[in-house]
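**Student:** the sequence isn't on hand, but the structure is:
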């Protein structure tokens, strides 16, 4: 077996909705891979198929060398999962949750106890291990789930939005754990996120997913390098009016309109900003704010999809997709 | 759950005891006790399926479903757990019935009482799990179950002798598996010949249990987290 994860035309439909659309992806052993995309892009569906709880409509997936459909028990034994929604038993203590997990995965008692102490130490939950999970904060629960996913020494770890809804300090901590389990325990990690900084900071490679398709796939640095230049953002009323004008200018490589903002990819941002503002002023417009920065993955996303990752949230169409997804749980 | 059968035994049994005479039985409580034991087993067995819904609700089911254990063994674990609870409840009612003076089984027949409780319990845990794996909402589950259980217990001859029931009621009782469970428990407790022969009680219940457990296992296998 050469790849940790390998999918071929992996597809999942829910009625008319194509949640995951013919995805071909290879993830190497030892890699820390991030799947980046807005809510409802198909990230969770993709992970659910890989961890055998959702059969694909079409295509196949191999995880740790085993087919997820024909050999699902072997896949299950090789993987650890942290689901997006909590999946610990609130009525048990942290230690009992881990012990149950160890039993289900067929670990011996002495082996279990040793491993429980190890993973509790890794996520720094030793002190609260004997308290009921009911009394845990959401960050502690997430840490417990990471510890649980690691209990049985999985070869591959799936993390579905591991830092969703957590405060900045806790997010940092979780990032540390993820790096530790990847580097120290040598676990291949596939994580999904809609946080740009998370993907950028953590991942060796990032796949950008939108409407069930992977539209860009590379190392974060290389993805950003594709944009070649700086990003100037101009806040102006009716930005569409100016888009055409800027498209005709040589040193402006790309123009995107998102909301009230014009995003211009230019070389030598500092020098070009005055010129750009002049152009707006000459057409009677008034620039309300200016921004200059190096490209981020957000810009990469905008380049490929023509819209921001955050504006997706709360849109009516997205609500429908979320609803459709929730129904299938 | 155990409150209901207890109230039936104490209040209906006590209230009607002076008025109702059932041929072959010394008192109405003697007759009613076995019906109420059947009721206790039936209700607690079926409702145990709700644990599946709570597991789904709290997300814990996903943890179980991605574990490298077969669905069948998860389902069988839930079945054995649920039927253990239902048998304990049945035995508790038997004990209470004994305390208020109902006739107790001969020691030699006790294993038969237990056997009928077990197969009745298994059958309805299977049914409860089958329904639970198709339902998403934990609040809907008791409603659906009550809709099924109430007619089953009322038409089973738990509270009145089927031999004197009108024909239409009898014909319903014939296709109601609970009738055979209650009948089996009653004959093995009181020693009075029941409405059906004992072997038929056993055969019908055993087939019913096998079918619901297989159905439960099949639906469990197809269940999503």
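**Tutor:** Noted; the coordinates are in hand. Owing to the predicted nature of the structure, the values given are computational and were not obtained by experimental measurement.
**Student:** what about the spatially closest residue to residue A:58 that is not a sequence neighbour, is that helix, strand or coil?
**Tutor:** Nearest residue to residue A:58, sequence neighbours excluded (Cβ to Cβ, 6 or more residues apart in numbering or on different chains): residue A:11, at 4.0 Å. No exception for glycine: its C-beta is placed from N, CA and C like everyone else's. The local conformation at residue A:11, judged by DSSP: H, G, I helix; E, B strand; the rest coil, is strand.
**Student:** I'd say residue B:223 and residue B:135 touch.
**Tutor:** No: at 10.4 Å, residue B:223 does not count as touching residue B:135 under the criterion of Cβ atoms under 8 Å.
**Student:** pLDDT weak spots in the stretch 201-329 of chain A?
**Tutor:** A:309-329 (pLDDT under 70).
**Student:** what sits against residue A:194?
**Tutor:** Contacts for residue A:194 (Cβ atoms under 8 Å, 6 or more residues apart in numbering or on different chains) come out as A:36, A:37, A:38, A:39, A:41, A:43, A:161, A:309.
**Student:** tell me which of those has the lowest pLDDT.
**Tutor:** Taking the contacts of residue A:194 together, the minimum pLDDT is found at residue A:309 (65).
**Student:** now the residue nearest the centre of chain B: which helix or strand?
**Tutor:** Closest residue to the average C-alpha location of chain B: residue B:42 at 2.0 Å, with Cα atoms, centre = their mean. Residue B:42 belongs to helix B:28-47 when assigned by DSSP states H and E.
**Student:** now for the longest helix along chain B, which elements pack on it?
**Tutor:** With secondary structure taken from DSSP state H, chain B has its longest helix at helix B:71-99. Here helix B:71-99 is seen to pack against helix B:3-7, helix B:28-47, helix B:50-57, helix B:60-65, helix B:110-134, helix B:198-222 when contacts are counted using 3 or more Cβ pairs under 8 Å, 6 or more residues apart in numbering or on different chains; DSSP states H and E.
**Student:** wait, isn't residue A:122 in contact with residue A:150?
**Tutor:** Yes: using Cβ under 8 Å, residue A:122 is in contact with residue A:150, at 7.1 Å.
**Student:** which neighbours do those two have in common?
**Tutor:** residue A:181.
**Student:** these two: who's more crowded?
**Tutor:** residue A:150 (24 against 19; other Cβ atoms under 10 Å in any protein chain shown).
**Student:** okay, the helices and strands packed on helix B:71-99 in CSV with mean pLDDT and distance to residue A:73 next?
**Tutor:** Formatted as CSV, the helices and strands packed on helix B:71-99 follow (pLDDT from 0 to 100; distance: least, Cβ to Cβ, whole Å):
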stretch, mean pLDDT, distance to residue A:73
helix B:3-7, 86, 42
helix B:28-47, 93, 30
helix B:50-57, 87, 20
helix B:60-65, 87, 12
helix B:110-134, 94, 20
helix B:198-222, 93, 13
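**Student:** so which of those helices gets nearest chain A?
**Tutor:** Within the helices and strands packed on helix B:71-99, the stretch nearest chain A is helix B:60-65; the backing value is 4.6 Å (Cβ to the nearest Cβ).
**Student:** off-centre distance for that closest one?
**Tutor:** 28 Å (Cα atoms, centre = their mean, to the nearest Å).
**Student:** which elements pack onto it?
**Tutor:** Against helix B:60-65 (3+ Cβ pairs under 8 Å, 6+ apart) you get helix B:50-57, helix B:71-99.
**Student:** tell me which of the ones you listed lies nearest to residue A:108.
**Tutor:** Judged by Cβ to Cβ, the one of these that comes nearest to residue A:108 is helix B:71-99, at 18.8 Å.
**Student:** any idea of the mean pLDDT in the helix or strand hosting residue A:113?
**Tutor:** Under the criterion of DSSP H and E, residue A:113 resides in helix A:109-122. If you average the pLDDT over helix A:109-122, you get 92.
**Student:** ok, that helix near chain B or not?
**Tutor:** No: contact between helix A:109-122 and chain B is absent, the nearest approach being 14.3 Å (criterion: Cβ under 8 Å from any Cβ of the partner chain).
**Student:** what comes into contact with that helix?
**Tutor:** Under Cβ under 8 Å, 6+ apart, the answer for helix A:109-122 is A:94-95, A:98-99, A:102-103, A:107, A:126, A:129, A:147-148, A:150-153, A:177, A:180-181.
**Student:** just the residues you listed that are near chain B?
**Tutor:** Answer for the contacts of helix A:109-122 near chain B (Cβ under 8 Å from any Cβ): residue A:148.
**Student:** mind checking which of the contacts of helix A:109-122 are buried?
**Tutor:** Buried subset of the contacts of helix A:109-122 (neighbour count, 16 or more other Cβ atoms under 10 Å in any protein chain shown): A:94-95, A:98-99, A:102, A:107, A:129, A:147-148, A:150-152, A:177, A:181.
**Student:** need those residues in TSV (columns: distance to residue A:22 and secondary structure).
**Tutor:** Converted to TSV, these look like this (distance: Cβ to Cβ, whole Å; DSSP: H, G, I helix; E, B strand; the rest coil):
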residue	distance to residue A:22	secondary structure
A:94	41	helix
A:95	44	helix
A:98	38	helix
A:99	41	helix
A:102	38	helix
A:107	38	coil
A:129	44	coil
A:147	36	helix
A:148	33	helix
A:150	32	helix
A:151	34	coil
A:152	32	coil
A:177	33	helix
A:181	31	helix
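**Student:** closest to chain B out of these?
**Tutor:** Using Cβ to the nearest Cβ, the buried ones among the contacts of helix A:109-122 come closest to chain B at residue A:148, 7.8 Å.
**Student:** so residue A:189, which state does it fall into?
**Tutor:** Secondary structure of residue A:189, per three-state DSSP, is strand.
**Student:** how many residues are close by residue A:169?
**Tutor:** 9.
**Student:** residue B:136 and residue B:54 touch, don't they?
**Tutor:** No: with contact defined as Cβ under 8 Å, residue B:136 does not reach residue B:54; the gap is 11.9 Å.
**Student:** and chain B, which residues reach chain A?
**Tutor:** Counting by Cβ under 8 Å from any Cβ, chain B sits next to chain A at B:58-70, B:224-225.
**Student:** distance check, residue A:84 against chain B.
**Tutor:** 9 Å (Cβ to the nearest Cβ, to the nearest Å).
**Student:** about what we covered before: export the helices and strands packed on helix B:60-65 as JSON lines, with columns for mean neighbour count.
**Tutor:** Formatted as JSON lines, these follow (neighbours: other Cβ atoms under 10 Å in any protein chain shown):
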{"stretch": "helix B:50-57", "mean neighbour count": "20"}
{"stretch": "helix B:71-99", "mean neighbour count": "19"}
